[in-house]
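Peer 1: how would this look folded up:
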Amino acid sequence: MLDEGAKMSEPGPAVRGATRAELYRRMVLSRELDLEAVTMQRQGLLPGHAPTRGQEAAQVGSASALELSRDFAFPTYRELGVAVAMGVDLVQYMATHKAIWNGGTYDPRASHFAPVNAVVGGPVPHAVGWAMGEKLKGGSGVALAYFGDGASSQGDVHESMNFAGVFTAPVVFFCQSNGWAISLPTREQVAGGSVAARAQGYGMPGVTVDGNDVIAVYEATLAAVERARSGLGPSLIEAKTYRMGPHSTSDDPGRYRTLDEERDWRQRDPIELMEQRLQAEDSVDAEYFSRVRAQAVAEVERVRAAIAELRTPPGEEMFAFVFEAPTAPVRRQLDEWKARAR
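Peer 2: Below is the predicted model of the structure:
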């Protein structure tokens, strides 16, 4: 856990009143949909899901710092909270977990939320490429690249940060350091003390933030986005958080971590911390929390019903969109598939 324990950041000028309540609402919706996604996987409605429980503050806080009209987020496979914060259609987003071709129907260009990327470290070079394109055309947009502490050991991430540092690309590298690279603890695969410490070698500032404090995450990301937008180049943010659930719905975290560790981190549940903060500030009415949860449950029920109605597309489509014109091997594979599917 973080040395600072349950200490929360002091309110800054960027987030106040209704906006703070909105951050809470987005986190609650993310949590409820995440829990339901696990249930849908267990019931066979989804083939798989990467739970986000415990990382809502890191995701909602960072994505809420973007300007949706010009900035662009590049997610991994575990950014449900980012999708919620950016207003992505949640049925279309969850369709990416149902193996529907093209990941559903949401338009990345319209939503400014790139396609879900399951390659470890894969979104990072994409983000830098987009940022360089934005810089070359004289735009003012900023890319936000998501990756985990495990992905920080990938060559793609190092090469991307070096490239962005050399060419002052308008990109923010956002590492959700959730303690585990699947079953490998961070301390066994990150040298130098932290991911943020690596930033200096690439000529950019690196900061470590309490990833369970949505306000701290928001303000750190907002500062990095404004820095990039002003032409000063990239930044690296390491949000220290915790994956409260398994790595995926096929994972058993009990094989590599202790119940004591999980109990300790549950005391710093990001949603409960924000709820306590709003209560202490007396900035919402007494019914606000129950109203938010009721609204989240209703939205989740809507998403579930729509996901259940989705149908698997024709199998032939696996072969129809590989090349502009089908090659001989693709035609042969299609014939073999048809023979087996009879």
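Peer 1: hey, let's count contacts and neighbours off CA atoms from now on
Peer 2: Noted.
Peer 1: any idea how far residue 205 is from residue 165?
Peer 2: Distance, residue 165 to residue 205, using CA to CA, to the nearest Å: 10 Å.
Peer 1: cool, residue 332 as well?
Peer 2: For residue 332, the distance to residue 205 equals 53 Å [CA to CA].
Peer 1: okay, these two: which has more neighbours?
Peer 2: Between residue 332 and residue 205, counting by other CA atoms under 10 Å, residue 205 is the more crowded of the two (17 against 12).
Peer 1: Model confidence for the residue lying closest to the more buried one once chain neighbours are set aside, exactly?
Peer 2: Distances taken as CA to CA, 6 or more residues apart in numbering put residue 235 closest to residue 205, at 5.3 Å, once the chain neighbours are dropped. We have a pLDDT of 97 for residue 235.
Peer 1: I'd say residue 235 and residue 171 touch.
Peer 2: Yes - between residue 235 and residue 171 there is a contact under CA atoms under 8 Å: 7.0 Å.
Peer 1: before we move on, the earlier item: which residues are in contact with both of residue 165 and residue 205?
Peer 2: Residues touching both residue 165 and residue 205 (CA atoms under 8 Å, 6 or more residues apart in numbering) are residue 234.
Peer 1: Quick check, residue 247 in contact with residue 179.
Peer 2: No - assessed by CA under 8 Å, residue 247 is found out of contact with residue 179, at 11.0 Å.
Peer 1: Just checking: what are the partner strands of the helix or strand containing residue 172?
Peer 2: Per DSSP states H and E: residue 172 is located in strand 171-177. Note on strand 171-177: by DSSP bridges, its sheet partners are strand 143-148 (parallel), strand 235-240 (parallel).
Peer 1: Tell me the first helix or strand C-terminal of that strand.
Peer 2: Moving toward the C-terminus from strand 171-177, the next helix or strand (DSSP H and E) is strand 180-181.
Peer 1: Whatever helix or strand comes next after that following strand: how far from the chain's middle?
Peer 2: Using DSSP H and E, the helix or strand that follows strand 180-181 in sequence is strand 184-185. Strand 184-185 sits 20 Å away from the centroid of its parent chain (CA atoms, centre = their mean, to the nearest Å).
Peer 1: name the helices or strands packed onto the next helix or strand after strand 184-185?
Peer 2: Moving toward the C-terminus from strand 184-185, the next helix or strand (DSSP H and E) is strand 206-210. Here strand 206-210 touches helix 214-229, strand 235-240, going by 3 or more CA pairs under 8 Å, 6 or more residues apart in numbering; DSSP states H and E.
Peer 1: end-to-end on stretch 161-181?
Peer 2: OK, stretch 161-181 end separation, CA to CA: 20 Å.
Peer 1: So for that stretch, what gets flagged as buried?
Peer 2: Neighbour counts over stretch 161-181 (16 or more other CA atoms under 10 Å) mark 161-165, 168-181 as buried.
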